[in-house]
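S.K.: turn this into a model:
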Amino acid sequence: MSTLADSVGRSLPDGDEALRTAMVEALRSSGALRTDRVAAALLAVPRHVFAPEVPVAEAYEPERALVTKRDEYGLAVSSVSAARIQAQMLEQADVRPGMRVLEVGSGGYNAALIAEVVGPDGEVVTVDIDPFVTDRAQKYLAEAGYERVRVVLADGSGPVEGGPFDRIIVTVGAWDLPPAWTGALVEGGTITVPLRMHGLTRSITFRREGERLVSVSATVSGFVKIQGADAHDEFLVLPRGTKEIGLRFDELERPDTSRLGGVLDTPRAEWWSGVTVGNQEPFDSLYLWLASSLPGFGLMSVDPELDTKTVAPANRMACPVIVDGDSLAYLALRRIADDPVTFEFGAHGFGPDEGPLAALINTEVRKWDREHRTSDGPVFTAQPIGTPNDQLPDGLVVDKTHVRLTISWP
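M.R.: Okay, here's the model as predicted:
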């Protein structure tokens, strides 16, 4: 029986083959890895070469991201993403032999994987704004035998020589879709990008159709934020004046939060929807639905070290919240009595209009349960920022700097 090593066509270094094989098997079992061509690339490329600071065995753990640079606050600004995320993204992008591919964000390892998939007849260009990142990528690509990957130091949001490209893969979290990306694609080509909408990131593969991009797939993902001209920071509100509870708003249009002072000192009210979820059941599409349907949408986070139990959101890292004037409400969960593995969705509210806001959340939770819980999710369409309303598809329109993004649910 032939092995993946046979399909690569060359031997692997002693000591690493078992680690790579185990990683590939784990990725197949998780469903992140579906095709032999991506599996062969993962088996061929020595991942540990691109993160020499990390013990070799740890470099091949499927869920481990390998941070290569942090900012002055200790936040990761460059990393080799977890192997599961990279495998999933390569499968989603549907990279094939002979293609010309642009990668935005240069860790080195992912560019080597792409080079393996496109083969000697393909071309790979990887671009990054940080010279630390590009110098490192160029060095380790050469050490691993992938000198043919062209490494470019530039703002990846702008034009890059070498196009047009069949595929663009963006490996940093983006808030917008610069026109240079659409312009660099061949007609019918695709861009796979971790795109942030109302604070929620989805890895979306868009196909170019003239001047617009239409999604063909989307999955939950998270990446370090893009740097450069198209970087975009969220707007943070601290309703108690401390870092205990934060409200984050991500879009150009956001609610007026000037009247929230003291709102969390009022009594908390609770309402429940009757919609339940198992403790191992994903409900990522609910967050996206609420972002698509609720005015004044943002995300609430709670610092566990400062938590006074004033709020009890469904997710303490990022929970849907809505604000209207001097009131707010957020998504909540409670355990069903006598059932340790089932929870009910609801809403907690604060302020004089807590009831209507909580009712609005529960109404949309019930609608999601009836109409969208088992669907394939929405279609995302990106069109130039000047596109008139009558040329947009039906759905929620989110205006970015460069594009008008429409989220259309079935």
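
S.K.: C-alpha from now on. contacts and neighbour counts both.
M.R.: OK.

S.K.: buried sites along the longest helix belonging to the chain?
M.R.: Using DSSP state H, we find that the single longest helix of the chain is helix 354-371. Buried residues in helix 354-371, counting neighbours by 16 or more other CA atoms under 10 Å, are found at 354, 355, 357, 358, 359, 360, 361, 362, 364, 365, 366, 368.

S.K.: from those, which is closest to residue 23?
M.R.: Nearest to residue 23 out of those is residue 368 (CA to CA; 36.4 Å).

S.K.: would you check that the closest one makes contact with residue 289?
M.R.: Yes - taking CA atoms under 8 Å as the definition, residue 368 is a contact partner of residue 289 at 6.9 Å.

S.K.: gap between the two ends of stretch 291-308?
M.R.: This stretch, stretch 291-308, spans 27 Å end to end (CA to CA, to the nearest Å).

S.K.: which parts of it are buried?
M.R.: Of the residues in stretch 291-308, those buried by neighbour count under the rule 16+ other CA under 10 Å are 291, 292, 294, 295, 296, 297, 298, 299, 300, 301, 302.

S.K.: need the max-distance pair from these.
M.R.: When CA to CA is used, the two most widely separated members of these are 292 and 302, lying 23.1 Å apart.

S.K.: take the buried residues of stretch 291-308 and keep only those in helices.
M.R.: Secondary structure defined by DSSP H assigns 291, 292 of those to helices.

S.K.: tell me what the strand or helix carrying residue 19 is packed against?
M.R.: Here residue 19 is covered by helix 17-30, with elements defined by DSSP states H and E. Helix 17-30 is packed against helix 36-44, with contacts defined by 3 or more CA pairs under 8 Å, 6 or more residues apart in numbering; DSSP states H and E.

S.K.: elements contacting the helix it packs on?
M.R.: The helices and strands touching helix 36-44, judged by 3+ CA pairs under 8 Å, 6+ apart, are helix 4-8, helix 17-30, helix 83-93, helix 109-118.

S.K.: pull out the buried positions in the longest one.
M.R.: Within helix 17-30, the residues that count as buried by 16+ other CA under 10 Å are 17, 19, 20, 21, 22, 23, 24, 26, 27, 28.

S.K.: low pLDDT regions in the stretch 151-300 of the chain?
M.R.: Using pLDDT under 70 as the threshold, the predicted model of the stretch 151-300 of the chain has low-confidence ranges 222-232.

S.K.: before we move on, back to that, turn the buried residues of helix 354-371 into TSV, including pLDDT and distance to residue 211.
M.R.: Shown next, in TSV, are the buried residues of helix 354-371 (pLDDT from 0 to 100; distance: CA to CA, whole Å):
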residue	pLDDT	distance to residue 211
354	93	43
355	95	44
357	98	39
358	98	40
359	98	40
360	98	36
361	98	36
362	98	38
364	98	33
365	99	35
366	99	37
368	98	32
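
S.K.: is it possible to get JSON lines of these that adds distance to residue 399?
M.R.: Rendered in JSON lines, the data for the buried residues of helix 354-371 read as follows (distance: CA to CA, whole Å):
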{"residue": "354", "distance to residue 399": "28"}
{"residue": "355", "distance to residue 399": "30"}
{"residue": "357", "distance to residue 399": "24"}
{"residue": "358", "distance to residue 399": "26"}
{"residue": "359", "distance to residue 399": "27"}
{"residue": "360", "distance to residue 399": "24"}
{"residue": "361", "distance to residue 399": "23"}
{"residue": "362", "distance to residue 399": "26"}
{"residue": "364", "distance to residue 399": "22"}
{"residue": "365", "distance to residue 399": "25"}
{"residue": "366", "distance to residue 399": "27"}
{"residue": "368", "distance to residue 399": "24"}
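
S.K.: closest one to residue 33 out of the residues you listed, please.
M.R.: Distance from residue 33 was checked for each of the buried residues of helix 354-371 by CA to CA. The minimum falls on residue 368, at 29.6 Å.
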